[in-house]
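Peer 1: give me coordinates for this.
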Amino acid sequence: MTWPPTRAAGLERLAGFLPSAGDRYRRLRNFDFGPQALTHVSGLSPYLRCRLVREDELLAAVLERFVPEIAEKFIQEVYWRSYWKGWLEHHPSAWWDYRDRVETLLAEVAGDGALALQYHGAMTGQTGIAVFDAWARELTGTGYLHNHARMWFASIWIFTLGLPWQLGADFFLRHLLDGDPASNTLSWRWVGGLHTRGKHYLARPDNIARFAQRRLVQAGAAGLERLDTAASPLEEQDRPPQITPSWPSTTPPAGVRVGLLLGEDDLDLDLPVRPVAVGALPAAPRSPLATGEAAAAFTFGAIEDALARARQRWPLEDATIMWEEADEVRSWARRADLDVVLAAYAPLGPGAEARARARTALEQAGVAVHEVVRPHDRDAWPHATHGFFRLKKRIPELLERLQR
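Peer 2: So this is what the prediction gives:
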């Protein structure tokens, strides 16, 4: 499976998957048949990550074909993405603490030869656990892993190899085409037993044999006997405190020159704006280490695709990627003589940090910035304060609102 980084490719993928979004997805979604056999899953996550395809249009397409009960499992998976984002918005220190810990651990790796050997062996697929090694090579080579494989991989990384979960989460975030700060960080916390305290996920040989049989045929079963199936969940001294987010609700005034500011988290053009100029921020660094080649290429291509679509949609005076953020952002605003800039709200993560720097530069130049929260996010995120069940029980109501 390949992922051309365009909205057209995402919509084509959606159309091809739709017939399978009901019972077939429910029955087969947990099976990892290998990198060349992904037709039973949607493969849409890279497109959702950058909002080349939006969650609400994906859900609308599914509901046109299936009643919610038939496509329940797939619909829930879409809302899991929204749940992770909303939860991190309510618990931002989980992200900041993770980022700080990655920097500390990388410094420890640099000074500890044994740890460095184990860490690099896990990333390059040299652990002797054959299926784990195959997943590591697939991730770095393609930028993708089946969702169930991600869970097995994270569990083996944490409980069998004894490596810090933060380094594993960083490894994923650097290489995944769909490397989403919230979904990735919190999924690793969940596997380790930190998100739902005391509830962790242990990879078991029998479970892998059941759901990844073809993988074992291809890669071999060597090393599965080493899996720690009795490990205790991770613990942390303090859980991330919950805050009350303040999401923007303003829209720009009429009769002014408006610029549209795009970022890697949201490249959809359906916003209440008719811009005279469009600017795009480049992909922000995901880690102190370099982003993987496949992930970097996908994000760059997605940004270029958004600019190309913007040029086709509007008679723009300017459309550019602003590589040197502050100076180029101010220069872009001056060239187009902008009064205000509109942008889709960027959820917590590197993209939001880049947006904050751009906002500061624009405001210093006297250009007001207005951010818009997508209706899907505004409806879902307030229910993502605790466990997924609080959001899950609201799904029928949210779908009804979507269909109005």
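Peer 1: can you show me the helices along the stretch 1-150 of the chain?
Peer 2: In the stretch 1-150 of the chain, the helices defined using DSSP state H, counting those that start in this stretch lie at 7-17, 23-28, 45-49, 55-65, 72-90, 93-111, 113-123, 130-142, 147-155.
Peer 1: need the per-residue pLDDT for Gln237.
Peer 2: Per-residue pLDDT puts Gln237 at 87.
Peer 1: among the helices of the stretch 1-150 of the chain, show me which one is buried the most.
Peer 2: helix 45-49 (a mean of 24; mean count of other C-beta atoms under 10 Å). In this view, the C-beta of every residue, glycine as well, is placed from N, C-alpha and C.
Peer 1: tell me what that one is packed against?
Peer 2: helix 7-17, helix 72-90 (3 or more C-beta pairs under 8 Å, 6 or more residues apart in numbering; DSSP states H and E).
Peer 1: out of the ones you listed, which gets nearest to Leu402?
Peer 2: helix 72-90 (10.5 Å; C-beta to C-beta).
Peer 1: quick one: work out the angle between the closest one and helix 55-65.
Peer 2: Taking axes from the mean of the first three to the mean of the last three C-alpha atoms, to 10 degrees, helix 72-90 and helix 55-65 form an angle of 160 degrees between their directions.
Peer 1: so helix 72-90 versus helix 93-111, what angle?
Peer 2: Per the same axes, to 10 degrees, the angle that helix 72-90 makes with helix 93-111 is 80 degrees.
Peer 1: distance to Phe159 added to the helices and strands packed on helix 45-49, as TSV?
Peer 2: Shown next, in TSV, are those (distance: least, C-beta to C-beta, whole Å):
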stretch	distance to Phe159
helix 7-17	33
helix 72-90	22
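Peer 1: how about these in a markdown table, adding mean pLDDT?
Peer 2: Output for the helices and strands packed on helix 45-49, formatted as a markdown table (pLDDT from 0 to 100):
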| stretch | mean pLDDT |
| --- | --- |
| helix 7-17 | 96 |
| helix 72-90 | 97 |
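Peer 1: minimum distance to Tyr144: which of these has it?
Peer 2: So among these, helix 7-17 is nearest, using C-beta to C-beta, at 12.6 Å.
Peer 1: need the contact partners of that closest one.
Peer 2: 3, 42-44, 47, 52-53, 58, 61, 267, 305-306, 309 (C-beta atoms under 8 Å, 6 or more residues apart in numbering).
Peer 1: ok, which pair from the residues you listed is furthest apart?
Peer 2: Once C-beta to C-beta is applied, the contacts of helix 7-17 give Ser42 and Arg309 as the farthest pair, at 22.0 Å.
Peer 1: next, Glu371: secondary structure please.
Peer 2: strand (DSSP: H, G, I helix; E, B strand; the rest coil).
Peer 1: so what's the closest residue to Ala60 other than its chain neighbours up against?
Peer 2: Closest residue to Ala60 apart from its sequence neighbours, by C-beta to C-beta, 6 or more residues apart in numbering: Leu402 at 6.3 Å. Residues near Leu402 by C-beta under 8 Å, 6+ apart: 56, 59-60, 63, 376.
Peer 1: go on, Gly387?
Peer 2: Gly387 makes contacts with Thr196, as judged by C-beta under 8 Å, 6+ apart.
Peer 1: look up phi and psi at it.
Peer 2: For Gly387, the backbone dihedrals are phi -80, psi 170 (criterion: degrees, to the nearest 10).
Peer 1: and the pLDDT at it?
Peer 2: At Gly387, pLDDT is 94.
Peer 1: if I look at Leu316, how far off is Arg335?
Peer 2: Leu316 sits 11 Å away from Arg335, going by C-beta to C-beta, to the nearest Å.
Peer 1: list residues touching both of those two?
Peer 2: What both Leu316 and Arg335 touch, as defined by C-beta under 8 Å, 6+ apart, is the set Ala277.
Peer 1: those two: who's more crowded?
Peer 2: Taking other C-beta atoms under 10 Å, Leu316 and Arg335 do not tie; Leu316 has more neighbours (18 against 14).
Peer 1: who are the neighbours in contact with the more buried one?
Peer 2: Leu316 touches 275-278, 310, counting by C-beta under 8 Å, 6+ apart.
Peer 1: possible to save these as a markdown table with pLDDT?
Peer 2: Output for the contacts of Leu316, formatted as a markdown table (pLDDT from 0 to 100):
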| residue | pLDDT |
| --- | --- |
| Pro275 | 95 |
| Val276 | 96 |
| Ala277 | 96 |
| Val278 | 97 |
| Ala310 | 97 |
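Peer 1: dump these into JSON lines; add distance to Ala182, neighbour count and secondary structure as well.
Peer 2: What follows is the contacts of Leu316, written out as JSON lines (distance: C-beta to C-beta, whole Å; neighbours: other C-beta atoms under 10 Å; DSSP: H, G, I helix; E, B strand; the rest coil):
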{"residue": "Pro275", "distance to Ala182": "28", "neighbour count": "24", "secondary structure": "coil"}
{"residue": "Val276", "distance to Ala182": "33", "neighbour count": "19", "secondary structure": "coil"}
{"residue": "Ala277", "distance to Ala182": "30", "neighbour count": "23", "secondary structure": "strand"}
{"residue": "Val278", "distance to Ala182": "26", "neighbour count": "25", "secondary structure": "strand"}
{"residue": "Ala310", "distance to Ala182": "26", "neighbour count": "20", "secondary structure": "helix"}
